[in-house]
Structures are given as C-alpha cells and as structure tokens.
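Asks: here is a sequence with its predicted model. Questions after.
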Amino acid sequence: MLLRSLSLLFLFASQLTAAETASSLEQKAHALFFKGMISKSIQAYKNALQLDPNAASVYLNLSCAFRALSDPASSLDALDRALVLRPGDPDIMAEAAWALRHLGNHSEAVRRFEEALKISPNHLNALLGLGVSRLEGGQAEESVPAFKRVCELRPNFGGSVYFLYRAYRKIGRIEEANQQYALALRRDWTLREEESAIIKAPSSPQKLPELKLTSIVPLDTADRTSAIRVGLWSSAIGRPPALGVLELESGGPFRVVGTKSGKILAAGQPGERWTVRASKNGLTLSSTVGTQIEGILHGIAFEPDGPTSTFLVQDVRVPDGDFKTVPSREFRGSLTFYPERRGAKFFAVNELPLDEYLLGVLPSEMPSIWPLEGLKAQAVIARNYALLKKSSMRAHMRNHYNICDSQHCQVYQGVKAEKERTNQAVRETAGKLLYFGDQLVYSYYFSTCGGVVQSSRDMPGWGNHAYLHGKADLEGGADSAMTSPWEFNLWLKSVPASNCNDPALIPNSEYRWLRIVSAGALERKLRKFRLGKIKEIIPLSRASSGRLTEVLVRGTRRNAVIKREHQIRNLLGEESLRSTLFMVEAHAKTSGPPAEFWFYGGGWGHGIGLCQAGAAGLAKNSNKTYEEILAFYYEGSRVGEQK
Ligand SMILES: [Zn+2]
Ligand SMILES: [Zn+2]
C-alpha cells in the first residue's frame, strides 16, 4: 500500500514537471541539431515526445532532423503526426508532400501539394513542389502553370524561371526553354554552371568593343593633395594580373617618368598610341610617333599634365596560353606599369584623387538608379574603406598600391562606369567620413543580408567591433531566425519582410535563392578531400544570424569539415554560393547516394556591416537620410568631417 501511494506520488510529481521538462528537452534538441549532432537531437526530440505526446512543434522539428539525415520516410511520419495535431496547416502539408516526392511517390505528392494549395493558393513551397513533382512524375506539360505562378509571385527568384526552362526542355519547346534560360541567367548568374555544360565556351579570344576617349570634368570637390593608388584588373582574391601587352592613348599631353630615377623619359601628345609590352629583358615602350624605350626593369609612370584628361587603355592582354583579352578601361589620374620577373609580365596601378576614384567605384558597387540617400551612404563608406585600406589595412602595399579594383577590396571600373547620379552622391558627401568615437569605422558592406545582419565577432578574422553587431534588417525585427529547425526552414523557404526584400530594387534572386548542385559537380569540386561519393552535407555550427561557420561533408570513403566563409561558399558549388546563410537538402533518385543537393539560401555576401539593398530600401520605403541609414547599420557611429 505504501509502495503504491509512493509510486502514485512519483507519477504525480513527474506529471507536474512534464510540460516544463518537455519544453527544455526540445530546446536541448534544437541546440544539438544546430551543432550538427542530428542523431542525438532526434533522441532528445523523442524524449520530449514521451513527456508530451501532443507537442506538434516537436514533431515538426523531428521531421527536419530526419530530413537532414536523408530519411524521408521517418520525416513524413513525423509530419503526418503533426498534421493530426494541426490539421490544415499548409506549411506542414507542403513539407509532407515534399517528403513523398523524396520517396519517389510523385502522384501522392501532387495530391498533397494540391490539397495545401486549396488552403493557401499562393503557397510558394507548395507551388514549387507541385511543379517539380509533376515534372518528375512525367507530367511536364502540367508542371508549366505551377512554375509560371511561382515566377509571377516571386519575380526576383531565379530558381522559378530555371524550373520553367527545365519543363519546356522536357516537352521539347526548345525556343521557349532557351528564352526562359536566358531570363533565368539574367536573374541569377550562378545558374551558369548548367550553361557551361550545354554551350561550349568559345576557344578564340573575343575582340572587346573599341572605346573612345571621354571628355571629363575634374571633380571640383576632390582634394587633390590626397591620392589613392589602385591595382587594376585584379583577380577576385586581389592578386595583380600578369599583363603581356597593353595599348593606350591620352586625351591630353602627358609625361613618361621612371619611378625609380624620377627622370622624364618622354613626352606624349593626344592622338598618339603607346604600347607597353612584356619581354624577357624588361618592358618595352613604343609609340606611333616612333618613340622606343627598351629594357625597363622598374615602374614606369604615365602622368597627365593636368586633371582634365584621361588615359584610354585598349587591347589589354594577359599571356594565358593564347593571349586572353581583358576589358578596356579609361582612367582619370596617372597610370604606372610595374614589371615582374624582369619584365616577363607586368601589372598596372592607377593613382588619382580619392573622390575621383569614388566616381568609378559607386556605380560598380550600387545601381545608379537606386535612391540618392542610399547612394550617399555608399559614398561615405566607400570613402572610409579606401582610407582605411590606405592607412591601416595594407594588404596590397608590397605591390605599390593601396587598394585593388576587384570585389576583394571594392570594385572600381574607371571613367566609363561613371554615372551622373552616383557622381552627385560623391559630390554631396565630399569630405564626409563615418566615425565611431574618433576612430574611422571599418565600413564593411555587402549586397543583401537576406533578413539578418551578421555580427563581426561571430566570424573569425573580422574583428570585434561594437558597431558591427548582428541584428534584424528591419526596425523591431527578431535578430535571429534560428529559434528552431522548423522555423529556420520556413524562414529560408519563404520571403519574410525586411529592408532588403524589395523586388523593385533587387531584380536578381539575391534575397532568397535556390541552388541545385549535382553530386557529380560537388565531388569534382571537393576532389582534393578524396571523399568518394558524397552521402551527406551536415551543418556543424552556425553564427547567431544563421550563417554557417562549419560544414561536415560525409563521403563513402572519408569525411571533410569545411570552415571559413569563403571556403564554404567556394567549395560547395561550381559557381560560388551567394552566402553561407543556407540550409541544404539531399535529393536522391530513389535509392543509393544523393543525385543532387539543393541549397535554400538567403542574401548575397558576408553579411557584416551595411546591407546595400537594405540601405536602398530604407531610403525608398522609410524615407531615411544617409546619416540615419549609416547609424542603423553601424550602431553608435556618426558622420563627421574628414580630419
Ligand atoms: Zn584587394
Ligand atoms: Zn538586408
């Protein structure tokens, strides 16, 4: 009797704490999931369900964990149990239908997607799934309306057009397929990996269009005493190019000066065409008026006599097997050519006043049609960034320049890129810089955050700056979508509100994207790890914004852990992924290792600092000034005059 009442008491006590315990177990399971300990998270979710068998959220998160382990049958089972508790929820119905599609049951998947769409006719995940299931189930013709609807609803999502292309190709409507494909590429250049498989790249070097000299006006607000040196035609990782030949002409008189001796070697006039050529015994200079200088082993500078002329550089070629042509450009300021390996190759540096440099940066970094206050915010931070590169981040100094012209530093394309509205933004912010206390702000920026800005201290190598902290790109928004695996999944597959979610501003699929990478392509990309066939891609850790910091790739022979933002982006797609803010699903044929990996992602860029699309959104939709925009992204900072 005593024993019985004791056990009753025990039962009563455990029921009393049941609700709290189930919820804390669920939280523990979320943490395990986000750390890549998926099997352990499944056990923790199951334990939570023992205490509270009616917790729909636990079933939903459990379904995510099973999906992460490529177990669609168990995932479907968990989703069906959640549906009993939350009947008619279109998010759950759509995911259950996707699980059926993963199991190869296309007809049942179609039925379930249609059911979800009856409740929520514009449900994006359901529409996309309906199209995909029909297409793969042999109903290509019937898949077209679903994909068309996704295109209408999400004009800035390249993936939808891509599927339309796949459908037309299957039906044999090749012309329409090609049209859609061209459109898809315009919206999302990362789809090019498919293109390279279809279209063979031309083998002969293409002739680039001839440019003509522009008449320029010197920027009246530019401080001519402070110049910046820019490394031209740099690679995406900031390496100087190996130039072989280059031809140039000038809009005004100029001098040719040896940088080591300081001696004037020649004087030039407009209309003359000069050639710089690499050779085994130093650089050779020649001109159409008969000048010939040979054996140049140090830098050689072309200096204009005044600020009203430019140098037009045509026919720049790099000795890459056959000579490869690089784009013609036109520059304010001076040009210096530095020989390397005793003149077997050379690279080029453009020196010009800081603000005239900004004229060629702004339109390359932000569309000139964007709101003026957004452009002005960009002008201030591009100025900050260039000054910091010059004074303290001296990565390029051994090559005699402060900053390179590729995305490694900030993109600069010279005079031909200049636009009136971006020039106006530079002029109207002349002398303005962004400070935190009396220090220049490290004004990192990127294209689109996808809804959440990343804090710098979460990412190795980015420094711990108080003004670079993580937050929602929306006044009053939640600073993380990682509340649970299920919520995170919904967040990445939908188009949540945010300053940078404005299809009128970003026509490319930058806010939300879908990349489909074949297992074969990934195996080629990860060849050096000798993984064998790739079985799974499992996120091991995420920063608080949701961006991945560590990914485990499991192969049939061995595993690899990929760390660091640029590695994760570059290694997990033939073309690099837009960001590390993504989740990944393995798509199997029916059995065996996965055939494809689908990356559902958000945003473009590293996510630290200012979100360019968000800055434009704040200017356009919230009427913010550039000072307010900068204060939003770099909290605690203020705009001040250059000291
Ligand atoms: Zn650089
Ligand atoms: Zn944003």
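Replies: Received it, and whenever you're ready, just let me know what you need. Ligands and ions are numbered 1, 2, ... in the order given.
Asks: which residues are in contact with whatever helix or strand Asn61 lives in?
Replies: If you go by DSSP states H and E, Asn61 is part of helix 56-68. Outside helix 56-68, the residues within contact range by Cβ atoms under 8 Å, 6 or more residues apart in numbering are 22, 26, 29-30, 33, 38, 41-42, 45-46, 48-49, 52, 72, 74-76, 78-79, 81-82, 85-86, 92, 95, 99, 484-486, 489, 536, 538, 585. The C-beta positions use only the backbone N, C-alpha and C, and glycine is treated the same way.
Asks: ok, 7 Å please
Replies: 26, 29-30, 33, 38, 41-42, 45, 48-49, 74-75, 78-79, 81-82, 85-86, 92, 95, 484-486, 489, 538, 585 (Cβ atoms under 7 Å, 6 or more residues apart in numbering).
Asks: which ones are touching Arg383?
Replies: Leu354, Leu358, Leu433.
Asks: alpha carbons of stretch 129-149, in PDB - could you do that?
Replies: Extracted in PDB, the C-alpha atoms of stretch 129-149 (Å, rounded to 0.1, in the frame of the first residue of the first chain):
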ATOM      1  CA  GLY A 129       6.800  21.300 -55.100                       C
ATOM      2  CA  LEU A 130       3.700  20.800 -57.300                       C
ATOM      3  CA  GLY A 131       5.700  21.800 -60.400                       C
ATOM      4  CA  VAL A 132       8.700  19.600 -59.500                       C
ATOM      5  CA  SER A 133       6.600  16.600 -58.700                       C
ATOM      6  CA  ARG A 134       4.600  16.900 -61.900                       C
ATOM      7  CA  LEU A 135       7.700  17.400 -63.900                       C
ATOM      8  CA  GLU A 136       9.500  14.400 -62.400                       C
ATOM      9  CA  GLY A 137       6.300  12.300 -62.500                       C
ATOM     10  CA  GLY A 138       6.100  12.600 -66.300                       C
ATOM     11  CA  GLN A 139       3.600  15.500 -66.500                       C
ATOM     12  CA  ALA A 140       5.900  18.100 -67.800                       C
ATOM     13  CA  GLU A 141       3.100  19.900 -69.700                       C
ATOM     14  CA  GLU A 142       1.100  20.200 -66.400                       C
ATOM     15  CA  SER A 143       4.000  21.500 -64.400                       C
ATOM     16  CA  VAL A 144       4.200  24.600 -66.500                       C
ATOM     17  CA  PRO A 145       1.300  26.500 -64.900                       C
ATOM     18  CA  ALA A 146       2.700  25.900 -61.400                       C
ATOM     19  CA  PHE A 147       6.200  27.300 -62.300                       C
ATOM     20  CA  LYS A 148       4.600  30.200 -64.100                       C
ATOM     21  CA  ARG A 149       2.700  31.100 -61.000                       C
END
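Asks: which single residue in the stretch 451-600 of the chain comes nearest to ligand 2?
Replies: As assessed by Cβ to the ion, ligand 2 sits closest to Cys500 within the stretch 451-600 of the chain, at 3.1 Å.
Asks: ok, how many other residues are close to the nearest residue to Leu49 once chain neighbours are set aside?
Replies: Nearest in space to Leu49, with sequence neighbours left out and distances taken as Cβ to Cβ, 6 or more residues apart in numbering, is Val58 at 5.4 Å. Around Val58 there are 29 other residues, counting by other Cβ atoms under 10 Å.
Asks: ok, Val58 to Tyr445 distance?
Replies: 40 Å (Cβ to Cβ, to the nearest Å).
Asks: keep only those of the contacts of Arg383 that are in strands.
Replies: The strands, defined by DSSP state E, take in Leu433 from the contacts of Arg383.
Asks: among the contacts of Arg383, which are within reach of ligand 1?
Replies: Subset of the contacts of Arg383 in contact with ligand 1: empty, counting by Cβ under 5 Å from the ion.
Asks: got a winner among the contacts of Arg383 for most neighbours?
Replies: Tallying neighbours with other Cβ under 10 Å puts Leu358 at the head of the contacts of Arg383, with 30 neighbours.
Asks: on the pLDDT front, check that one for me.
Replies: Note for Leu358: predicted pLDDT of 97.
Asks: one more: Asn399?
Replies: 92.
Asks: I'd say it and Val230 touch.
Replies: No: Asn399 is beyond contact range of Val230, at 11.1 Å (criterion: Cβ atoms under 7 Å).
Asks: before we move on, the earlier item: tell me the secondary structure at the residue of the stretch 451-600 of the chain closest to ligand 2.
Replies: coil (DSSP: H, G, I helix; E, B strand; the rest coil).
Asks: touching, it and Leu618? I think so.
Replies: No: judged on Cβ under 7 Å, Cys500 makes no contact with Leu618 at a distance of 9.3 Å.
Asks: re earlier: which of the contacts of helix 56-68 count as buried?
Replies: With burial judged by 16 or more other Cβ atoms under 10 Å, the buried subset of the contacts of helix 56-68 is 26, 29-30, 33, 38, 41-42, 45, 48-49, 74-75, 78-79, 81-82, 85, 92, 95, 484-486, 489, 538, 585.
Asks: helix, strand, or coil at the residue lying closest to Asn47 once chain neighbours are set aside?
Replies: Spatial nearest neighbour of Asn47, chain neighbours left out: Leu25 (5.3 Å); criterion: Cβ to Cβ, 6+ apart. Assigned with three-state DSSP, Leu25 falls in the helix class.
Asks: centre of the chain to the helix holding Asn61, how far?
Replies: Relative to its chain's centre, helix 56-68 lies at 29 Å (Cα atoms, centre = their mean, to the nearest Å).
Asks: contacting residues around the following helix or strand past that helix?
Replies: Using DSSP H and E, the helix or strand that follows helix 56-68 in sequence is helix 72-85. The set of residues that contact helix 72-85 without belonging to it, under Cβ under 7 Å, 6+ apart, is 54, 56, 59-60, 62-63, 66-67, 89, 92-93, 95-96, 99-100, 102-103.
Asks: could you do stretch 129-141 as well?
Replies: 94, 97-98, 101, 106-107, 109-110, 113-114, 117, 142-143, 146-147, 150, 163, 166-167, 170-171.
Asks: go on, stretch 38-45?
Replies: Contacts to stretch 38-45, defined as Cβ under 7 Å, 6+ apart, come from residues 25-26, 28-29, 32-33, 58, 61-62, 65-66, 68-69, 538.
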